[in-house]
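Trainee: my questions are about this predicted structure, shown below with the sequence.
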Amino acid sequence: MNTLTLAIQSTNHSFPFTVNQRLSFSGIVGVFGHSGSGKTTLLRSIAGLNEKISGSIVFNDKTLFDSHSKLNMSAETRNISIVFQEPRLFPHLTVEQNLDFAVKRCTNSQLNKKDIIELTGISSLLQKNIHKLSGGEQQKVALARAVLSEPSLLLLDEPLSALDRKSKKELINLLKVVHKKLKLPMIYVSHSSEELQQLAEQLIVLEQGEVRNIGNIHQIIHQLNDTQLINQQTSLTVTVEEINHQHGLVQLRFENQKIYMSLEQLAVRHKKEHTQHKLRCYIFASDISIATKEPTSSSIVNQLKATIADIKLDHSQVLVSLKCQEQEFFASISTYSLDKLSLSIDQDVYIQFKASAVRTLTF
Amino acid sequence: MTEFSDDALALITTLKMAGVTTFFLMLIGTPLAWFLAKMKSRSKVFIEALVALPLVLPPTVLGFYLLIAFSPQHLPGQLWQEFTGQQLAFSFSALVIGSIFYSLPFVVQPLQKAFEQLGTDYLEAAAMLKAGPIDRFFSIVFPMTKASFITAASLGFAHTVGEFGVVLMIGGNIPGETRVLSIALFDHVEAFNYSQAHSLAFGLIIASLLLLSAIYLLNHKPLKINNNIEQS
């Protein structure tokens, strides 16, 4: 398994930037943090674009940087590629020439250019001038170009932040496919927990230049529910079981529980193909309500029996964590409801949420 | 007929001087402009002022000090004589060296501006695609700032053709060696040979006009490229 060992300090920050971490790439590694948290500094340090650092960076036993022994491999020799927030396609070259720029400089070419063009779906764009492309198309080309340089590590610096929701969905699917087919270690940096929740297996949370949390994506997102960093939510992986076109619903399963999602969440062309596929979903805590008795005559399609694991007060709101078998759920209710229902820890209750409350960015 | 062939010789000398000067100007001016564009130290202002000095100084001031420096009594002139066996003052080489100083801002300034506008984004992107510094210069910097290179070379060439004060001081008016068009014109006027002076002067006006028009025509294209850079 690929590993990246970081022991770095950066001096070009208003606060001390210190990251000491060993990352194993079992899937895409996500880095979350708000503006100025040090995400980009981290990525640029790994890439070799940040000169104001000290410490060491080792990728798979190869030392890329070590200030102690004054070793600093230049960015072009690290065999690392970046997809930046803005695509940075060379404006004096066509799409194909941009791809060729990477191919020509790749010394040990293993990938077939045609395959990558097909994989990224940019065959029709090859002869186009880059400023004739939409934002989404530009990022696809930037991704193809970065992949064609055949890096041993691909860094993605908020590549979707400037895109509309439809393009975001497309690119997220594409990144998943690229990661799966090429087995390319990736670090994906974003201030959007929504994007990271779809892509990352592990999540690192940076705050004020330090690692605040690190671990499994769902667990870390749940840990962040106690902070102001994200919208309080339940993050879960489900299996797509059945698509009900008549009612416009998708039946999903986790453990042995069934829940329903609105069919509108899936892109039209994928509706049939994806049964039995794994799907990452999230449900905002404000979209989940709690009932003490089984709601037998409610229009809300998702009703699950759960046990209250924790109750946290936050001003006039309460964040209730619930366990439904092994899956954690989070519901945000008012203190009025807490008092009215006399909720307590270990109490068995029913949680309810609409099919439209189950959200995803995949497909 | 003799005067005509003298003028033709002066024209050849001028073109040769401007051509050689432009070649060296690009060779020296490009790294200097790059260095200034990337420089963050406060001393940058001083170097910029030094480069721009010929824009404001009377050319005779530059010519005067160069004449002193080129003389065999001073170190630059002595070193030159030692290595080449020839005197530097009143030689073609002296004209070229003088012209390099004189036309330097016309080459450095447009290039520096172009390099500053280009920024680092594309260079970083190229580095991440395994392009080294020299590769980046020829594959990214040069093609994206080509129009500025053409402008810099044309302005350097045109300005060198038009110089008078410096060549008057360090040239010496030797036919086929240091007698350039501007000096030939001056000679015609001094000898009251106005018709010959007219044909030279008018020829220079037309040639310069054509050259400058060509530069401005080319400059419409870089504007488009720069817009694209900003948009993307």
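Mentor: Thanks, I have the structure now. Residues are numbered from 1 along each chain as shown, chains lettered A, B, ... in the order given.
Trainee: now the residue positioned nearest the centre of chain B: how far from B:Ser208?
Mentor: Against the mean C-alpha coordinate of chain B, by CA atoms, centre = their mean, the closest residue is B:Gly156 at 3.2 Å. Taking CB to CB, to the nearest Å as the criterion, B:Gly156 is separated from B:Ser208 by 13 Å. In short, each C-beta sits where N, CA and C put it, glycine included.
Trainee: domain ranges for chain A, per the record?
Mentor: In the domain annotation for chain A, the residue ranges read A:3-224, A:233-357 (automatic domain parsing).
Trainee: nearest to chain B, out of those?
Mentor: Across the domains of chain A, chain B has its closest neighbour in domain A:3-224 (3.9 Å, CB to the nearest CB).
Trainee: mind checking how far B:Phe138 is from B:His198?
Mentor: 46 Å.
Trainee: higher neighbour count, these two?
Mentor: For B:Phe138 versus B:His198, neighbours defined as other CB atoms under 10 Å in any protein chain shown are more numerous around B:His198 (13 against 10).
Trainee: please report phi then psi for the more buried one.
Mentor: For B:His198, the backbone dihedrals are phi -60, psi -50 (criterion: degrees, to the nearest 10).
Trainee: now A:Asn225. Nearest residue, chain neighbours left out?
Mentor: For A:Asn225, ignoring the flanking residues on the chain, the nearest one in space by CB to CB, 6 or more residues apart in numbering or on different chains is A:Gln232 at 4.5 Å.
Trainee: can you pull out the low-pLDDT segments for chain A?
Mentor: Counting by pLDDT under 70, the ranges of chain A that qualify are A:13, A:267-276, A:363.
Trainee: for the nearest residue in space to A:Ile230 that is not next to it in sequence, give me its contacts.
Mentor: In space, and not counting its chain neighbours, A:Ile230 is closest to A:Ser193: 4.4 Å by CB to CB, 6+ apart. Contacts of A:Ser193 were listed using CB atoms under 8 Å, 6 or more residues apart in numbering or on different chains, and they are A:Phe32, A:Ile221, A:Leu224, A:Leu229, A:Ile230, A:Asn231, A:Gln233.
Trainee: closest one of these to B:Leu75?
Mentor: If you rank those by distance to B:Leu75 using CB to CB, A:Phe32 comes first, at 64.0 Å.
Trainee: is that closest one bridged to anything, and to what?
Mentor: In this entry, A:Phe32 is beta-bridged to A:Ser190, A:Val205, by DSSP bridges.
Trainee: does it touch A:Glu195 like I think?
Mentor: No: under the criterion of CB atoms under 8 Å, A:Phe32 makes no contact with A:Glu195, lying 9.4 Å away.
Trainee: these two: which is more packed in?
Mentor: Comparing A:Phe32 with A:Glu195 by neighbour count (other CB under 10 Å), the higher total belongs to A:Phe32, at 29 against 24.
Trainee: what sits against that one?
Mentor: Per CB under 8 Å, 6+ apart, neighbours of A:Phe32: A:Lys39, A:Ser190, A:His191, A:Ser193, A:Leu196, A:Leu203, A:Ile204, A:Val205, A:Leu206, A:Ile220, A:Leu224, A:Leu229.
Trainee: what sits up against the longest helix along chain A?
Mentor: If each helix of chain A is counted by residues according to DSSP state H, the longest one is helix A:165-182. Under the contact criterion CB under 8 Å, 6+ apart, helix A:165-182 has outside partners A:27-28, A:111, A:119-121, A:134-136, A:139-140, A:143, A:147, A:156, A:159-160, A:163, A:184, A:186, A:188, A:195, A:198-199, A:267, A:361-363.
Trainee: for ChimeraX, what selects the buried ones among those?
Mentor: To isolate the buried subset of the contacts of helix A:165-182 in ChimeraX, counting by 16 or more other CB atoms under 10 Å in any protein chain shown, use the following:
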select /A:27,28,119,120,136,139,140,143,147,156,159,160,163,184,186,188,195,198,199,361,362,363
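Trainee: the contacts of helix A:165-182 in strands, which ones?
Mentor: Using DSSP state E to define strands, the subset of the contacts of helix A:165-182 located there is A:Leu156, A:Met186, A:Tyr188.
Trainee: re earlier: got the phi/psi numbers for the residue nearest to A:Asn225?
Mentor: Listed backbone geometry of A:Gln232 is phi -60, psi 130, with angles given as degrees, to the nearest 10.
Trainee: residues contacting it?
Mentor: When the contact criterion is CB under 8 Å, 6+ apart, the partners of A:Gln232 are A:Asn225, A:Phe284, A:Ala285, A:Ser286, A:Leu319, A:Phe330, A:Ser332.
Trainee: quick one: the residue nearest to the centre of chain B is in a helix?
Mentor: Yes: according to DSSP: H, G, I helix; E, B strand; the rest coil, B:Gly156 belongs to a helix.
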